[in-house]
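Participant: Build me a model:
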Amino acid sequence: EKLIKRQVAVQRLKKILKDKGAADSETVSFEASLIALLNDSKGTWQSKHGAFLAAEGMLQCKSMESKNRESILKLSLDYLEHKEYRVRLVVAAVLQALAEVDGITIWLKSKEKIYKSIHRNFKRDVSAVKIENKSKFLLPAANLIDLVKSDSVENKAAPVALPTATLPSLGTSALPSLGAGVGGKKLATKKPIGGKIMVNHQNASKKEETAKSGSAPEIVRPSVKTRVSKPAELTRWKAELREQMHDTEGWKSLETSFGALRAIITGAKEQFSKYVDDELLKLLEHASMHTNRFVREISFHTAAAIATSCDIETLKTLAERTCTLLAKGLSDNWSQVRYASSIATRHMLTRAIKNGFAEKYLPILLPPMCINRYYVAQGVRIYSQESWRLAMGTNGAKLVAEHIDKVVAFYVAQAGADNHAVREAACACITELAKKVERKAVSPHVDKLLDTLIDCFKDDSWPVRDAACSACGDFILAYPEESEPKMKKLYKLWFEHLQDSIPTVREDAAVALAKAVKAYGKSAESEVCSKLVAALPAVKEQPNDSKRLGGMENVTQFGVARRVTGKEALANSDQQMYSCGSLAPKMKKRGAGCMDHSFQRLAEPWEITDGAVYLMRELAPICKDAVASQMASAAELIALRNYGHHVYLKQTFWKSVPAIAKGLGKRPFKRVLEPLLEPLFDTLVCNHRLAAHAAADCIGFLNKYLGNLVFTGRLSEDMKAKLRRSDLVSIKLDGL
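Facilitator: Next comes the predicted model:
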């Protein structure tokens with residue numbers, strides 16, 4: 001609320017300044033008041049924030065005197081590392097406004113201080129650590145940090161007892177399990193960070209007396225010198241402290257100092273061109289690989305400012321180095337970093353294309369730009385698609401064909417990335433090569449691409465496996481001769497995924513198998529149809545206690561529902577955690593989990609039949625006789641309801657019947673319609689709404705497809721009564 005008030009006040013100030021025009025004595029007095037407020041060391045951060053906001057507004061209105069601008073610049077640099085980040089953010093905005101007024105002189109006056117701030121904070125100081133589990137350490141957090149900051153292992157600072165709440169509860173019963181023997185006696189000990197058991201020998205006699213008396217022992221802190229006797233011990237302590245810190249914690253003003261640099265570049269515009277030197281580029285290159293993702297993000301926003309502001313000649317000079325930098329950002333594990341890099345890439349590439357020097361750098365930027373058009377993060381995906389249209393126009397497929405070697409190498413590498421979303425996007429891009437790119441260009445790489453897809457077929461994450469499943473189907477349809485040596489492996493994988501626990505995986509496996517039949521004709525038809533005949537009756541073996549995703553966790557992680565056992569629960573506790581929005585490698589390419597190719601629960605019989613129904617739907621236009629011969633058997637199986645999940649199978653079947661009818665044609669379908677009607681109308685009046693809706697949609701389709709008289713003429717009175725009772729479908733019946 002207070003921030004809004006400050007912003008409203010600044011808007012009013014700007015309106016007053018615009019109405020006044022030239023600066024007057026009142027304006028000069030106001031400027032002096034702002035400077036006094038910023039110089040007041042006792043003022044709150046809110047007052048500083050408001051003063052800088054007002055200064056920014058005055059600079060934007062070109063209403064500030066030269067000498068006061070000098071004062072504001074000096075104060076801005078003084079507040080560059082202020083403890084409140086909102087103050088640091090508005091300081092960057094003020095520096096941009098100053099650069100818009102005074103040009104490159106602002107950079108020349110502030111360069112040294114900004115660079116010093118960045119270099120000073122580029123490495124993290126362990127004093128910024130926040131110790132959450134203080135009982136793990138023998139010293140309080142403050143003393144421990146002081147110790148770690150000191151490089152001397154001879155620090156003899158007096159030990160300080162921890163607060164009572166952080167001490168373990170130790171009674172006499174605990175004494176036999178504590179310590180090592182000194183003169184045959186047991187001593188109370190504790191395990192420090194470095195991993196060694198440290199014993200306080202100086203207090204051995206006191207410990208002995210305490211144990212004999214039966215009272216609770218006094219916890220005596222060992223000296224620093226006793227605990228850290230070697231430099232290696234200190235190193236281990238430092239390492240464990242750093243492990244407690246999140247990747248984004250402890251970097252102080254590093255991000256906002258980069259923001260100030262970016263703001264000056266934006267404000268100075270083309271004047272900054274000749275100051276984009278090796279020092280600045282090296283700084284950006286190092287920042288693009290920084291541990292902190294926010295630092296990486298701001299480094300690419302800074303690169304975007306350079307690409308927008310520099311003149312064409314400078315851009316030509318920097319292009320190769322800048323494009324290599326941007327390609328790293330386009331492949332980053334965090335979507336925010338990819339997005340920032342995508343912005344910089346658009347500015348860089350569109351200007352390069354417009355001025356005729358883009359061709360040299362397309363092999364660097366083209367592959368990651370392709371991948372990002374299918375990236376899971378919607379902002380990155382949509383922005384990348386728009387950038388592709390702006391930069392490539394209608395020549396995208398042609399340019400990919402020209403640079404096919406680089407593109408294929410990049411796709412193969414990305415299909416092995418830690419990030420599941422990247423692997424999924426790589427599979428989608430490989431599919432695109434099969435569908436859209438010139439055959440002559442792709443043909444030499446088919447073997448490598450299929451091997452990559454088969455590898456992704458065995459992924460932990462079911463969306464990746466699903467994407468690979470569909471991509472393999474598209475590839476064999478486009479390149480049947482080149483793909484034929486891989487068919488034995490592919491049939492095995494498709495048949496396994498036809499009975500997967502995820503419905504969409506079963507469906508896409510059926511779609512891919514139908515494409516195999518289209519590609520290879522009779523040889524594939526006999527193999528696929530035999531699988532259909534074998535899989536369809538599986539539901540007859542279904543026990544009453546059917547399960548849907550049974551034995552799995554109720555929570556999935558990127559599409560993976562893991563089976564949990566007692567040992568796993570213990571082994572996976574107290575481990576590193578990631579943000580739910582993180583694209584960090586939470587999931588290995590292959591590993592434990594029910595969606596791992598090497599670990600998958602046995603399919604429920606009803607799921608096998610469900611996969612066969614999808615296969616019937618896809619084969620109906622190709623293998624009419626084989627599908628028609630199974631319709632009566634399917635109707636009998638769909639009528640079964642001795643197991644809990646029969647409604648899911650019904651839902652799949654009645655959703656598939658319209659496609660099967662179209663595939664078979666009207667006349668052949670009429671011959672197999674009779675056995676379907678009774679289970680169809682039973683489902684219409686069942687208590688499961690999704691299954692009932694699927695049946696209602698099927699009835700509406702059949703009435704329209706076959707004709708009202710033909711369809712209703714086959715209905716019994718009982719079926720008509722059920723139709724009248726249902727509120728889900730309305731068709732004309734005789735006598736109504």
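Participant: For burial, what's the neighbour tally of the nearest residue to Asp102 once chain neighbours are set aside?
Facilitator: Closest residue to Asp102 apart from its sequence neighbours, by C-beta to C-beta, 6 or more residues apart in numbering: Arg69 at 6.5 Å. Where C-beta positions appear, they are placed from N, C-alpha and C, glycine not excepted. Residues near Arg69, counting by other C-beta atoms under 10 Å, number 19.
Participant: Same question for Phe30.
Facilitator: 20.
Participant: Next: Leu498.
Facilitator: 28.
Participant: likewise the one 4 residues further on?
Facilitator: A count of neighbours around Ile502, defined by other C-beta under 10 Å, yields 19.
Participant: Also Lys662?
Facilitator: 15.
Participant: what sits against it?
Facilitator: 620-621, 705 (C-beta atoms under 8 Å, 6 or more residues apart in numbering).
Participant: Can I have the buried ones of the residues you listed as a PyMOL selection?
Facilitator: Per 16 or more other C-beta atoms under 10 Å, the buried members of the contacts of Lys662 correspond to this PyMOL selection:
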select buried, resi 620+621
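Participant: quick one: low-confidence parts of the stretch 101-250 of the chain?
Facilitator: Scanning the stretch 101-250 of the chain with the threshold set as pLDDT under 70 gives 125-246.
Participant: Does anything pack onto the helix or strand hosting Thr345? Which helices or strands?
Facilitator: If you go by DSSP states H and E, Thr345 is part of helix 335-354. Secondary-structure packing of helix 335-354 (3 or more C-beta pairs under 8 Å, 6 or more residues apart in numbering; DSSP states H and E): helix 293-309, helix 312-330, helix 362-372, helix 378-392.
Participant: show me where the stretch 451-600 of the chain has helices.
Facilitator: 462-478, 480-483, 487-497, 503-520, 522-535, 566-571 (DSSP state H, counting those that start in this stretch).
Participant: returning to what we had before: got the angle between the helix holding Thr345 and helix 312-330?
Facilitator: 150 degrees (axes from the mean of the first three to the mean of the last three C-alpha atoms, to 10 degrees).
Participant: outside of helix 335-354, which residues touch it?
Facilitator: By C-beta under 8 Å, 6+ apart, helix 335-354 touches 293-294, 296-298, 300-301, 303-304, 307-308, 312, 315, 319, 322-323, 326, 328-332, 358, 361, 365, 369, 372, 375-377, 379-380, 383-384, 387, 390-391, 581, 583.
Participant: what sits against Thr504?
Facilitator: So Thr504 contacts Asp466 (C-beta under 8 Å, 6+ apart).
Participant: thought Val28 was touching Glu65?
Facilitator: Yes: the criterion here is C-beta atoms under 8 Å, and Val28 meets it with Glu65 at 6.4 Å.
Participant: State whether Arg120 is indeed within a helix.
Facilitator: Yes: remark: Arg120 belongs to a helix, assigned using DSSP: H, G, I helix; E, B strand; the rest coil.
Participant: For Val90, see how far away it is.
Facilitator: Look at Arg120 and Val90: by C-beta to C-beta, to the nearest Å, they are 21 Å apart.
Participant: So between those two, which is more surrounded?
Facilitator: Each of Arg120 and Val90 has its neighbours counted (other C-beta under 10 Å); Val90 has more, 23 against 14.
Participant: Who are the contact partners of that one?
Facilitator: 49, 52-53, 56.
Participant: which regions of the stretch 401-550 of the chain sit below the pLDDT cut-off?
Facilitator: 545-550.
Participant: what about 90?
Facilitator: For the stretch 401-550 of the chain, the stretches with pLDDT under 90 are 417-421, 457-462, 500-502, 523, 542-550.
Participant: same deal with the stretch 251-400 of the chain?
Facilitator: 251-252, 291, 310, 314-324, 333-334, 350, 352-363, 376, 391-395.
Participant: Flag the shaky bits of the stretch 551-700 of the chain, pLDDT-wise.
Facilitator: 551-604, 641-645.
Participant: Now do the strands in it.
Facilitator: 556-557, 560-561 (DSSP state E, counting those that start in this stretch).
Participant: Send me stretch 464-478 as CSV with only the CA atoms.
Facilitator: In CSV, the C-alpha atoms belonging to stretch 464-478 read as follows (Å, rounded to 0.1, in the frame of the first residue of the first chain):
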residue,chain,number,x,y,z
VAL,A,464,9.2,-38.3,-22.8
ARG,A,465,8.4,-42.0,-23.6
ASP,A,466,5.1,-40.9,-25.1
ALA,A,467,6.8,-38.3,-27.3
ALA,A,468,9.4,-40.9,-28.4
CYS,A,469,6.6,-43.4,-29.1
SER,A,470,4.8,-41.0,-31.5
ALA,A,471,8.0,-39.8,-33.1
CYS,A,472,9.1,-43.4,-34.0
GLY,A,473,5.7,-43.9,-35.7
ASP,A,474,6.2,-40.8,-37.8
PHE,A,475,9.8,-41.8,-38.7
ILE,A,476,9.0,-45.3,-40.0
LEU,A,477,6.1,-43.9,-42.0
ALA,A,478,8.4,-41.3,-43.6
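Participant: What residues of stretch 484-499 count as buried?
Facilitator: Buried, per 16+ other C-beta under 10 Å, within stretch 484-499: 486-487, 490-491, 493-495, 497-499.
Participant: What about the nearest residue to Leu433 once chain neighbours are set aside, how many residues nearby?
Facilitator: Nearest residue to Leu433, sequence neighbours excluded (C-beta to C-beta, 6+ apart): Val442, at 5.2 Å. For Val442, the number of neighbouring residues by other C-beta under 10 Å comes to 23.
Participant: thinking Val442 is in contact with Thr431, fair?
Facilitator: No: Val442 is not in contact with Thr431 according to C-beta under 8 Å; the separation is 11.5 Å.
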